[in-house]
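Colleague: Below are the sequence and a predicted model for it; my questions follow.
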Amino acid sequence: MGLKHGEVNPLAVANLRQVDFCPAHFEPVMFDLVVDQKIITDWLYENTDGRFYIGQAVKQGEGDEKARLCFCVAFEVHSEASYFAMFLTTINSHESLYL
C-alpha cells in the first residue's frame with residue numbers, strides 16, 4: 001500500500017493513479033460530499049494502490065425522484081471500492097478533520 005508500507009507504486013511515480021475521466025470498467029461509489037475534496041484524495045493516495053477517478057456524476061433518481069449531481073469516486077480495482085465504501089462515513093464527516 002504505497003510508501004506508507006515501504007513500497008513504491010509505479011503508477012504513483014508516473015503520476016498515473018488519478019484519471020481525468022471515468023472508464024466504464026471502474027466501480028463507482030457515489031455520495032454527497034461533506035468535507036473538502038482534498039481529504040478524500042489524500043485518503044485514496046494513502047490507502048489504495050490502483051487507479052481511480054474522482055469528480056461529479058449524475059445519480060439517477062428512483063421512482064419519482066429526479067436525477068441529481070453527486071460526488072463520485074470510481075476504482076479500477078473493485079475491492080478498493082468496497083474498502084473505500086466501508087470507511088466513507090468516517091472520511092466524509094467533519095469529525096475526520098480532527099483525527
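Modeller: Received the coordinates, thanks. Numbering: from 1, shown residues only.
Colleague: Show me what the helix or strand containing Val73 is packed up against.
Modeller: Secondary structure assignment for Val73, by DSSP states H and E: strand 68-75. Using 3 or more Cβ pairs under 8 Å, 6 or more residues apart in numbering; DSSP states H and E, the elements in contact with strand 68-75 are strand 27-31, helix 37-47, strand 52-59, helix 78-91. Yep, even glycine has a C-beta here, placed from its N, CA and C like the rest.
Colleague: which helices and strands sit right next to the shortest one?
Modeller: Which is strand 27-31. Judged by 3+ Cβ pairs under 8 Å, 6+ apart, strand 27-31 is in contact with strand 52-59, strand 68-75, helix 78-91.
Colleague: and the longest one with strand 27-31, angle?
Modeller: Per axes from the mean of the first three to the mean of the last three Cα atoms, to 10 degrees, the angle that helix 78-91 makes with strand 27-31 is 10 degrees.
Colleague: Same question for the first one.
Modeller: Using the same axes, to 10 degrees, one finds that strand 52-59 and strand 27-31 are set 60 degrees apart in direction.
Colleague: Give me the contact list for strand 52-59.
Modeller: For strand 52-59, contacts defined as Cβ atoms under 8 Å, 6 or more residues apart in numbering pick out 17-23, 26, 28, 30, 37, 40-41, 44, 67-76, 80.
Colleague: now swap in stretch 88-95 and tell me
Modeller: 29, 31, 33-35, 39-40, 43, 84, 96.
Colleague: one more time with 7 Å, if that's ok
Modeller: Outside of stretch 88-95, the residues within contact range by Cβ atoms under 7 Å, 6 or more residues apart in numbering are 29, 31, 33-35, 39-40, 43, 96.
Colleague: dump the residue contacts of the residue lying farthest from the centre of the chain.
Modeller: The C-alpha centroid of the chain is most remote from Asp64, which lies 28.3 Å away (Cα atoms, centre = their mean). Going by Cβ under 7 Å, 6+ apart, Asp64 touches no other residue.
Colleague: tell me the pLDDT at it?
Modeller: We have a pLDDT of 80 for Asp64.
Colleague: Please report how far it lies from Val58.
Modeller: Relative to Val58, Asp64 is positioned 17 Å away (Cβ to Cβ, to the nearest Å).
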